[in-house]
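Visitor: Kindly return the folded structure for what I paste below:
(3 chains)
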Amino acid sequence: MPELPDVEVFRRYFDATALHQVVTGVEVREPRMLKEAAPDQLSEAVTGRQFARSARRGKNMFVELSETATNLLLHFGMTGQLKYFRNPEEEPGHTRVLFSFENGYHLAYDNMRMLGKVMILADRDAYIRQESLGPDALDLDSETFVELMTGKRGMIKSAFMDQTLIAGLGNIYSDEVLFQSRIHPKRSVPDLDQGELETLFHQMKEVLHTAIERQVNVADFPAEYLIKHRDAGETCPRCGGRIEKIKVSSRSTYYCTQCQK
DNA sequence: AGTACCACCTGACGGC
DNA sequence: TGCCGTCAGGTGGTAC
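Guide: Numbering: from 1, shown residues only, chains lettered A, B, ... in the order given. Model prediction:
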């Protein structure tokens, strides 16, 4: 699930629930989720502290811990989510790390496929540099966007998926931005003119803001969004053309054969 | 530099 | 009912 809008919704949910709470314990149910770090290290870094502030860069969520420069990093992979709850029966089925608070509530980091990661970062900026993460898609201005795309080769969809160029868009939202911009996912970046780049920039912001505003609840998305018609043989909600499925950089890609050129 | 493919993981679904 | 292949909204390594 988690692309930029999903992670932003998780972050706001976190702010409304777990923020400022005192952590009384950390239970690492699945040590593989921590990558190189040891469960003790996570527990030691978090227990007794408060979640002081949250931040997000692309699909990465950071939580600053009180009285230290340390950050908790949450990456959600394809199936990650957060859940705040009190009663054990409300705990989600694939809880990998469980944080408990003084008030008796818990925060579950749930992740069925475990493709994400949970880490303790001594230096958040060093992590961003190490991962070569590009600027967050929602922080970009039009000039910077055009600059980044200028000099980039290859297909436009691959460029959107490249987290070192722009952080936040994944498979679904790249398709949506291209659909709303009426641009074919395999168009090569150097072939795009100034007007097309500006359209892509505008639609990128529009799509991301719309998704966040609707809490990533697809049923509440505008009727003319591709996300509601992601199926080969479906009808384009805009022009009545046929939606086709192809592969772009080995990811399933849906587009309208009639209005995306 | 860009792209294709494999690997990491689990689970759902369709076909036989 | 059960087994098998395929697919899934992410990302890193490797080889061409």
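Visitor: my read is residue A:177 is in a helix, agree?
Guide: Yes. Under DSSP: H, G, I helix; E, B strand; the rest coil, residue A:177 falls within a helix.
Visitor: just checking, it touches residue A:199?
Guide: No. Counting by C-beta atoms under 8 Å, residue A:199 is not a contact partner of residue A:177; they are 9.6 Å apart. Every C-beta, even on glycine, is put in place using the N, C-alpha and C of the backbone.
Visitor: more crowded one of those two?
Guide: Shown here are residue A:177 and residue A:199; by other C-beta atoms under 10 Å, residue A:177 has more neighbours (27 against 17).
Visitor: Let me know the pLDDT of that one.
Guide: Listed pLDDT for residue A:177 reads 98.
Visitor: Any figure for the gap between it and residue A:168?
Guide: 11 Å (C-beta to C-beta, to the nearest Å).
Visitor: number of nearby residues for the residue of chain A found nearest DNA strand B?
Guide: Nearest residue of chain A to DNA strand B, counting by C-beta to the nearest atom of the strand: residue A:154, 2.9 Å away. Residues near residue A:154, counting by other C-beta under 10 Å, number 13.
Visitor: tell me the phi and psi of it?
Guide: The phi and psi torsions at residue A:154 (degrees, to the nearest 10) take the values phi 90, psi -170.
Visitor: DNA strand C contacts on the stretch 101-250 of chain A?
Guide: Taking C-beta under 7 Å from any atom of the strand as the measure of proximity, the stretch 101-250 of chain A contacts DNA strand C at A:113, A:115, A:131, A:161, A:163, A:170, A:171, A:172, A:216, A:218.
Visitor: wait, what's in contact with the nearest residue in space to the fourth one that is not next to it in sequence?
Guide: Counting by C-beta to C-beta, 6 or more residues apart in numbering, residue A:161 lies nearest to residue A:174, which is 5.6 Å off, once chain neighbours are set aside. Residue A:174 makes contacts with A:157, A:160, A:161, A:185, as judged by C-beta atoms under 8 Å, 6 or more residues apart in numbering.
Visitor: how much space is there between residue A:85 and DNA strand C?
Guide: Per C-beta to the nearest atom of the strand, to the nearest Å, residue A:85 is found 21 Å from DNA strand C.
Visitor: now swap in residue A:71 and tell me
Guide: The value you get for residue A:71 to DNA strand C, if C-beta to the nearest atom of the strand is used, is 17 Å.
Visitor: my guess is that residue meets residue A:57, correct?
Guide: No. Counting by C-beta under 8 Å, residue A:71 sits too far from residue A:57 to count as a contact (11.0 Å).
Visitor: can you map out the strands along the stretch 1-150 of chain A?
Guide: Per DSSP state E, counting those that start in this stretch, the stretch 1-150 of chain A has strands spanning A:23-28, A:51-57, A:60-65, A:71-75, A:80-85, A:95-101, A:106-111, A:117-121. These are given in chain order.
Visitor: centre of the chain versus the fourth one, how much separation?
Guide: When distances are taken as C-alpha atoms, centre = their mean, to the nearest Å, strand A:71-75 is centred 13 Å away from the chain's centroid.
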